[in-house]
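[1] Okay, here's the prediction I keep looking at, along with the sequence it came from:
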Amino acid sequence: MRRIQVSLGERSYPIVIGSGLLDGIAELCGEAGFPVRSSLLVVSDNSVAPLYLDGLTAKLEEGGYKVVTHIIPAGEASKSLTVYEEVMTTAIKAGLDRHSAVLALGGGVVGDLAGFVAATYMRGIGFLQIPTTILAHDSSVGGKVAVNHPLAKNMIGAFYQPKMVVYDLDTLATLPPRDVRSGLAEVIKHGLILDREFAYWCREHAAELLSLQPEALGYALERGCAIKADVVGEDEREHGLRAILNLGHTIGHAIEAVGGYGTFLHGEAISIGMAGSALVAAKLGRPQSLYEETVSMLTALELPVTLPAQYSVDDIIEAMMHDKKFKEGRITFIVPDEIGAVSIVEGVEESVIREVVGQLKKEGSPW
Ligand SMILES: NC(=O)c1ccc[n+]([C@@H]2O[C@H](COP(=O)([O-])OP(=O)(O)OC[C@H]3O[C@@H](n4cnc5c(N)ncnc54)[C@H](O)[C@@H]3O)[C@@H](O)[C@H]2O)c1
Ligand SMILES: O=C(O)C(=O)C[C@@H](O)[C@H](O)[C@H](O)COP(=O)(O)O
Ligand SMILES: [Zn+2]
């Protein structure tokens, strides 16, 4: 077991990462400050719940907690105001009070949605993240919680930190291969923005990562969590540095919204977006080889780097205008300078972005 601290003053918390952690979940809830005999609302989805919810509930009840559960349909479409309201209804009917807490058992969809419930139920109750996907090494850390609006990703949300992240790597064994690949996009993102050596390590160990080899995966997730924790510790509310975690997301979020949530998985859309950012970089004077190197890393992880022909450039550009970094008619891009270093570039010309999205389509893609 290893602990990585997210240092945020009185909102600091540990990421507990390792094997067999769910057996000790009641003790960890105690450490997180949830009083024994209080009610815990466990939110999960209908793929994760059959695998892990009964075991988790039994351990929590053995530890003296009352457990209420709410199971949402798996997939991005559940990150909606409708599903948010349904979870709230469960919380109210179960009589959750200010000593209660919400536990998110699942991937980023469950974590973002349940976190937004925790942030807003009675103006905020306790929250614990129990990530079960590779991608959720990113989503469970840092306190961005949200649901989507049909026009734009994560548009309705809050910054609300969990009291703890309990990352039991044993749960990853049941992940479908497509979600393994999608999660690896955010893993390599952490290397691409801040750690050159780690980015190359991911490419070199791609086969082990894709086959969920425990040592390689454990190392990659610890490194990814540590990089994320450092950035969040520096800039919790994205006044500056934290924006670098958005590499690939300006285009990626637009692809998700235009395609319909769930058509492309988040990591897939972000992978195409990271290829796009490297094309923007080339147009701003960085070497073309940076694009080729980025693509070689993404394709080693079997991630997409091109956009299907049916996506309209106009639609993508329009969706981008809803990006949270879009200010006064100017689009901000996180642009790679080299592998392991990026710049935040405000006011990238629309004509440049149009060309890049067109180029992403041109390659022709099986996706
Ligand atoms: N808050 C943040 O900082 C942040 C960061 C990155 C991504 N996100 C968000 O996270 C979401 C994507 O997260 P995700 O990829 O984890 O999606 P997800 O929660 O939909 O999980 C992916 C799929 O895997 C299934 N699954 C989860 N764990 C499983 C397991 N252990 N075994 C078998 N199946 C399992 C789920 O049922 C789902 O079908 C997006 O909405 C994205 O916007 C948020
Ligand atoms: O934590 C962050 O900050 C990130 O940007 C991490 C991203 O991977 C994540 O997808 C996040 O939800 C995007 O944030 P948003 O503010 O652009 O919605
Ligand atoms: Zn992301």
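    That came in fine, so what should we check first? Ligands and ions are numbered 1, 2, ... in the order given.

[2] right, is stretch 137-150 up against ligand 1?
    Yes: using C-beta under 6 Å from any ligand atom, stretch 137-150 reaches ligand 1 at 138-139, 142, 144. (C-beta placed from N, C-alpha, C; glycine too.)

[3] what's the answer for stretch 47-61, then?
    Yes: if you take C-beta under 6 Å from any ligand atom as the test, stretch 47-61 does meet ligand 1, through 47-48, 51.

[4] Just want the most central residue of this structure.
    Residue closest to the mean C-alpha point of the chain, counted by C-alpha atoms, centre = their mean, is residue 139 at 3.2 Å.

[5] sec struct for residue 71, please.
    Following DSSP: H, G, I helix; E, B strand; the rest coil, the label given to residue 71 is strand.

[6] That one bridge partners, please.
    Note on residue 71: beta-bridge partners by DSSP bridges are residue 44.

[7] Touching, it and residue 44? I think so.
    Yes: in this structure, residue 71 is within contact of residue 44 by C-beta atoms under 8 Å, at 5.6 Å.

[8] ok, the two, which is more surrounded?
    Legend: neighbour count by other C-beta atoms under 10 Å for residue 71 and residue 44, higher for residue 44 (26 against 20).

[9] What confidence value was assigned to that one?
    At residue 44, the pLDDT value in this model is 99.

[10] if we can go back for a sec, for the residue nearest to the centre of the chain, give its distance to residue 185.
    Distance, residue 139 to residue 185, by C-beta to C-beta, to the nearest Å: 12 Å.

[11] Show me the residues of stretch 137-150 next to ligand 1 that map onto strands.
    The strands, defined by DSSP state E, take in residue 144 from the residues of stretch 137-150 next to ligand 1.

[12] Can you narrow the residues of stretch 137-150 next to ligand 1 down to the ones near ligand 2?
    Contacts with ligand 2 within those, as defined by C-beta under 6 Å from any ligand atom: 138, 142, 144.

[13] Phi, psi for whatever residue of the stretch 251-367 of the chain ends up closest to ligand 2 please.
    Here the stretch 251-367 of the chain gets closest to ligand 2 at one residue, residue 324, 5.0 Å apart by C-beta to the nearest ligand atom. When read as degrees, to the nearest 10, the backbone of residue 324 gives phi -70, psi -20.

[14] what's near enough to touch it?
    residue 154 (C-beta atoms under 8 Å, 6 or more residues apart in numbering).

[15] go again using 7 Å as the cut-off
    If you count contacts by C-beta atoms under 7 Å, 6 or more residues apart in numbering, residue 324 has none.

[16] Look up the pLDDT of it for me, please.
    84.

[17] Test my guess that residue 12 contacts residue 5.
    Yes: using C-beta atoms under 7 Å, residue 12 is in contact with residue 5, at 6.3 Å.

[18] Would you mind giving me the confidence score for residue 278?
    98.

[19] ok, residue 317 - how many residues close by?
    So residue 317, with other C-beta under 10 Å, has 17 neighbours.

[20] if I've got this straight, it is in a helix?
    Yes: assessed with three-state DSSP, residue 317 lies in a helix.

[21] Excluding chain neighbours, what is closest to residue 55?
    Closest residue in space to residue 55, ignoring its immediate chain neighbours: residue 22 at 6.4 Å, by C-beta to C-beta, 6 or more residues apart in numbering.

[22] ok, the one you found to residue 103 distance?
    Counting by C-beta to C-beta, the gap from residue 22 to residue 103 is 11 Å.

[23] Can you select the buried ones among the residues of stretch 47-61 next to ligand 1 for me in PyMOL?
    Only the buried members of these end up in this PyMOL selection, burial being decided by 16 or more other C-beta atoms under 10 Å:
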select buried, resi 47+48
